[in-house]
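K.L.:
Okay, here's the prediction I keep looking at, along with the sequence it came from:
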Amino acid sequence: MDDFKKSAKITHSLNVLSSFNELKQSDCICNFTIKVGDKSFKVHRDLLGAVSKYFKGMFSSNMVEARNGFVVMKDICADAVGQCVDFMYTGEANPTMESVENTLYASHLMQLDVLSSICFDFMENNLSVQHCLLVGRLARLYDRTELETIAERFIVDNFESLILGEDFFHLSKEKLIFYGQKLNKKHEVVWHAVRRWISNKGEKIGSELMETLHFGEFPYKFLLTDLLTDSLVKSSSDAKKKIKWEAALKWAKQSRRHQKLFPDLFELIKLQDFSGDFIRQTVRNEPLVEESHKCKDLLLDVLCARTEVKKYVPHIAVSSDTGIKTLNFQTN
């Protein structure tokens with residue numbers, strides 16, 4: 001008996017929706033109009049108020065739209081509004097990847113939570129290389145954490161194919177770096193992605209991005225044979241210096257024998273070409289440099305030769321084989 005009652009209730013609900021839809025199709029007893037651009041949708045206030053919190057608030061508070069009998073919706077896709085109206089009358093929706101962004105925006109505005117859930121479910125079940133960035137972006141925008149995680153995993157797993165598409169260029173610098181760090185030692189893919197993104201965005205943004213690359217995670221042979229010969233790197237003196245430095249460290253840390261040879265390699269590096277900030281923040285704090293008297297002496301000689309050394313080296317004391325070298329500078 002209970003099953004019959006449930007079935008009858010469902011049938012009745014469907015019949016009510018179906019009857020309202022027939023009335024709408026024949027423009028019968030419609031008492032409200034939704035206007036979007038040059039399109040108009042004649043609807044029934046009672047149904048919209050029952051299904052949509054947006055319209056319930058509009059009608060129950062006697063807003064000007066309720067008194068006028070129409071609402072003008074701006075900055076919204078007319079087709080998406082039409083899809084929302086159809087959903088309110090049928091309970092059905094057939095989103096596509098081409099329309100889902102506009103449909104989501106409209107359903108979110110009208111507070112049609114079920115339709116929004118249908119859209120998110122559709123995106124999760126139709127993830128592809130072509131649309132995964134869109135899915136990830138919409139999941140973040142509407143705070144769908146689970147879908148965002150699924151999309152990001154898909155993006156990382158298919159990143160090599162993804163970077164060949166035009167949608168790849170829509171990635172922000174921050175997201176490009178984020179995905180690059182997730183690629184786990186796939187340095188060729190990371191560099192290919194960064195190079196293509198830089199080439200599309202322009203030199204200024206590219207130089208900024210180059211500063212964020214973790215060259216230290218790249219194998220030293222790849223740094224020397226692939227990156228240093230790349231035309232994009234050759235065009236950037238800063239990139240070349242940073243790559244050479246990281247390659248030297250990578251090589252030195254391969255074995256203890258290499259570490260013993262690091263001071264001789266360090267002598268061949270043109271420290272005078274490095275910026276003061278890079279020397280102070282990176283070179284000077286490298287353990288291989290700190291552990292070598294020869295390296296510290298070479299570093300001190302470079303700092304002494306700089307005309308503005310007092311700005312960032314107020315005091316240096318370096319122990320060497322021949323004694324203690326000490327420099328004291330007064331800072332402004």
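P.N.:
Received it, and whenever you're ready, just let me know what you need.
K.L.:
Could you use CA atoms for every contact and neighbour count after this?
P.N.:
Noted.
K.L.:
Which residues belonging to stretch 57-70 are considered buried?
P.N.:
Residues 58, 59, 65, 66, 70 are the ones in stretch 57-70 that count as buried (16 or more other CA atoms under 10 Å).
K.L.:
which of the residues you listed lies closest to residue 155?
P.N.:
Distances from residue 155 to the buried residues of stretch 57-70, taken as CA to CA, are shortest for residue 58 (40.9 Å).
K.L.:
in which helix or strand would I find that closest one?
P.N.:
helix 53-60 (DSSP states H and E).
K.L.:
List the contacts of that helix.
P.N.:
45, 48, 49, 50, 65, 66, 109, 110, 111, 112 (CA atoms under 8 Å, 6 or more residues apart in numbering).
K.L.:
Render the CA-only coordinates of that helix in CSV, please.
P.N.:
The C-alpha coordinates for helix 53-60 follow below in CSV (Å, rounded to 0.1, in the frame of the first residue of the first chain):
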residue,chain,number,x,y,z
LYS,A,53,13.9,30.7,-4.5
TYR,A,54,14.9,33.6,-6.7
PHE,A,55,11.3,34.1,-8.0
LYS,A,56,9.8,33.2,-4.7
GLY,A,57,11.6,36.1,-3.1
MET,A,58,10.6,38.4,-6.0
PHE,A,59,6.9,37.5,-5.8
SER,A,60,6.5,37.2,-2.0
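K.L.:
after that helix, next one along is what?
P.N.:
Assigned by DSSP H and E, the successor of helix 53-60 is helix 64-68.
K.L.:
so what strands line up beside whichever helix or strand comes after that next one?
P.N.:
As assigned by DSSP H and E, the chain's next helix or strand after helix 64-68 is strand 70-72. Paired with strand 70-72 in the same sheet, following DSSP bridges, are strand 32-36 (parallel).
K.L.:
how distant is the strand it pairs with from the center of its chain?
P.N.:
Distance of strand 32-36 from the chain centroid (CA atoms, centre = their mean, to the nearest Å) equals 37 Å.
K.L.:
picking that back up, nearest to residue 198, of the contacts of helix 53-60?
P.N.:
residue 109 (36.6 Å).
K.L.:
before we move on, the earlier item: mind putting the buried residues of stretch 57-70 in JSON lines, distance to residue 82 and pLDDT included?
P.N.:
Shown next, in JSON lines, are these (distance: CA to CA, whole Å; pLDDT from 0 to 100):
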{"residue": "58", "distance to residue 82": "19", "pLDDT": "94"}
{"residue": "59", "distance to residue 82": "20", "pLDDT": "93"}
{"residue": "65", "distance to residue 82": "19", "pLDDT": "93"}
{"residue": "66", "distance to residue 82": "20", "pLDDT": "92"}
{"residue": "70", "distance to residue 82": "15", "pLDDT": "95"}
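K.L.:
which one among the residues you listed gets closest to residue 6?
P.N.:
residue 59 (31.0 Å).
K.L.:
among the contacts of helix 53-60, which are in helices?
P.N.:
45, 48, 49, 50, 65, 66, 109 (DSSP state H).
K.L.:
which of these lies closest to residue 286?
P.N.:
Nearest member of the ones in helices among the contacts of helix 53-60 to residue 286, counting by CA to CA, is residue 109, at 54.3 Å.
K.L.:
how many neighbours does the nearest residue to that closest one once chain neighbours are set aside have?
P.N.:
Closest residue in space to residue 109, ignoring its immediate chain neighbours: residue 54 at 7.2 Å, by CA to CA, 6 or more residues apart in numbering. Residues lying near residue 54 (other CA atoms under 10 Å) number 16.
K.L.:
so how far is residue 107 from residue 54?
P.N.:
10 Å (CA to CA, to the nearest Å).
K.L.:
Phi, psi for residue 43 please.
P.N.:
phi -140, psi 180 (degrees, to the nearest 10).
K.L.:
Which residues are in contact with it?
P.N.:
24, 30, 31, 32, 33, 34.
K.L.:
pLDDT at it, what is it?
P.N.:
For residue 43, the model assigns a pLDDT of 95.
K.L.:
in the sheet, who's paired with it?
P.N.:
residue 32.
K.L.:
would you turn the buried residues of stretch 57-70 into TSV with distance to residue 76?
P.N.:
Output for those, formatted as TSV (distance: CA to CA, whole Å):
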residue	distance to residue 76
58	18
59	21
65	17
66	20
70	16
